[in-house]
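Undergrad: the following block contains a protein sequence and its predicted model.
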Amino acid sequence: MELRQLRHFVCLAQVLNFSRAAEQLYIAQPALSISIRNLEEELGLQLFDRGPRHVVLTQAGRVTLSSARAALAHIDDVGNASKALGRGEAGLLKIGFVGGATFRILPRVIPEFRRRYPGVELELTEATTLEVLRRVRSGEVDGGILRHPVLGRAEQLLTAVLELDPLVAVVPRGHHLQRRGSLRLKQLATESFVQYSHIHAPSMSALVSLACESAGFSPRVSQEAVQIQTIVSLVESGLGVALVPESCSELIGRGATFIPIRDHREQLTVGLAFVRSGHSSNKLVQNFLDVIAGTVAAESPRPVS
């Protein structure tokens, strides 16, 4: 039994006229007659009573029609699902992300992505930049949002910068610099620093250290942490000062103050980037990037590239 035979049968059952059914199917009437006859022989059933001026479904034909319609509907569903997958409108999309993506990017992108692609299941996993890179390379996730720049660790991956962000100083409540409208980086030379972990966040750790060294001092590290939320909390606890992305300022409560830094701005600029495998042609990932471009890039200092 062939799929086209079922389509021929359903069409004839609807119009009950060989000539009109053949016309709708864009085939010759003799070809339709042969197709129906072959189907009846395969099933061992007479599907139609044929007369000189009429064609009527038999009882067996009526029962078979219900099953044929269900089978064709199922085939259409399979076809539509396959096409949706090919367009990136269905399936599972796995994205890894660093905590900084929750401040501005993900709250804007996720609702819009779900609105545009309701058939896509989105699986989000928080991790450090290094872990996001590892998961993208291993194929555990389809793409990832991580801190930029990544020092020499994103080879063979496609990278799109999503936003750029200056680092600002965070000082605890009551600190002698608290009321400054801005400061020079060297003014932090005598302070204890809550620094990014050199093991789990090496790029951010190196960036802060290099910027401080260019200002003429090495930061005196009193405590290391991985997540920005933790760093801010430790500053609020009085363990030192820190440099964090300006976009994280909403994390800072009454226990701390952030102060812009007016020099070394190029060295103190970080960002978020999206990475994916250079060998991937995943349409789901491209659709996710397109949504980012439409919702984030327009508001960012640098567009997605």
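TA: Cool, got the structure.

Undergrad: what's the closest non-adjacent residue to Pro172?
TA: The shortest distance from Pro172 to any non-neighbouring residue, by C-beta to C-beta, 6 or more residues apart in numbering, is to Gly238 (4.9 Å). Heads up, the C-betas are built off the backbone N, CA and C, glycines and all.

Undergrad: can you map out the strands along this protein?
TA: Using DSSP state E, the strands of the chain run over 48-50, 55-57, 91-97, 120-126, 143-148, 157-172, 192-196, 220-225, 242-245, 256-259, 269-277.

Undergrad: I'd like those laid out as CSV, including distance to Thr64.
TA: Putting the strands of the chain into CSV (distance: least, C-beta to C-beta, whole Å) gives the following:
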stretch, distance to Thr64
strand 48-50, 10
strand 55-57, 9
strand 91-97, 35
strand 120-126, 37
strand 143-148, 48
strand 157-172, 53
strand 192-196, 70
strand 220-225, 70
strand 242-245, 67
strand 256-259, 74
strand 269-277, 49
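
Undergrad: got these as TSV, with distance to Val10, mean neighbour count and mean pLDDT columns?
TA: Listed next are these as TSV, based on distance: least, C-beta to C-beta, whole Å; neighbours: other C-beta atoms under 10 Å; pLDDT from 0 to 100:
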stretch	distance to Val10	mean neighbour count	mean pLDDT
strand 48-50	12	14	90
strand 55-57	11	15	91
strand 91-97	30	20	93
strand 120-126	32	14	93
strand 143-148	43	26	92
strand 157-172	47	21	91
strand 192-196	66	23	96
strand 220-225	66	16	96
strand 242-245	61	26	94
strand 256-259	69	21	92
strand 269-277	44	22	90
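
Undergrad: related to what we said a few turns ago, got phi/psi on the residue nearest to Pro172?
TA: Main-chain dihedrals, Gly238, degrees, to the nearest 10: phi 90, psi 20.

Undergrad: can you show me the CA trace of stretch 122-141 as PDB?
TA: C-alpha atoms of stretch 122-141 as PDB (Å, rounded to 0.1, in the frame of the first residue of the first chain):
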ATOM      1  CA  LEU A 122      14.600  26.000  26.300                       C
ATOM      2  CA  GLU A 123      17.000  24.400  28.800                       C
ATOM      3  CA  LEU A 124      19.200  26.900  30.700                       C
ATOM      4  CA  THR A 125      22.200  26.000  32.800                       C
ATOM      5  CA  GLU A 126      24.200  28.400  34.900                       C
ATOM      6  CA  ALA A 127      28.000  27.900  35.100                       C
ATOM      7  CA  THR A 128      31.300  29.700  35.100                       C
ATOM      8  CA  THR A 129      32.800  31.000  31.800                       C
ATOM      9  CA  LEU A 130      35.300  28.000  31.800                       C
ATOM     10  CA  GLU A 131      32.500  25.500  32.400                       C
ATOM     11  CA  VAL A 132      30.300  27.100  29.700                       C
ATOM     12  CA  LEU A 133      33.200  26.800  27.200                       C
ATOM     13  CA  ARG A 134      33.800  23.200  28.100                       C
ATOM     14  CA  ARG A 135      30.100  22.300  27.700                       C
ATOM     15  CA  VAL A 136      29.900  24.100  24.300                       C
ATOM     16  CA  ARG A 137      33.000  22.200  23.100                       C
ATOM     17  CA  SER A 138      31.700  18.800  24.300                       C
ATOM     18  CA  GLY A 139      28.300  19.400  22.800                       C
ATOM     19  CA  GLU A 140      26.500  19.300  26.200                       C
ATOM     20  CA  VAL A 141      25.000  22.600  25.300                       C
END
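
Undergrad: not counting that stretch itself, show me its contacts.
TA: 92-99, 106, 110, 113-114, 142-147, 150, 153-154, 156-157, 200-204, 226, 275-277 (C-beta atoms under 8 Å, 6 or more residues apart in numbering).

Undergrad: and that stretch, what's buried?
TA: Neighbour counts over stretch 122-141 (16 or more other C-beta atoms under 10 Å) mark Ala127, Thr128, Thr129, Leu130, Glu131, Val132, Leu133, Arg134, Arg135, Val136, Arg137, Val141 as buried.

Undergrad: could you work out the most separated pair of those?
TA: Thr128 and Arg137 (14.3 Å; C-beta to C-beta).
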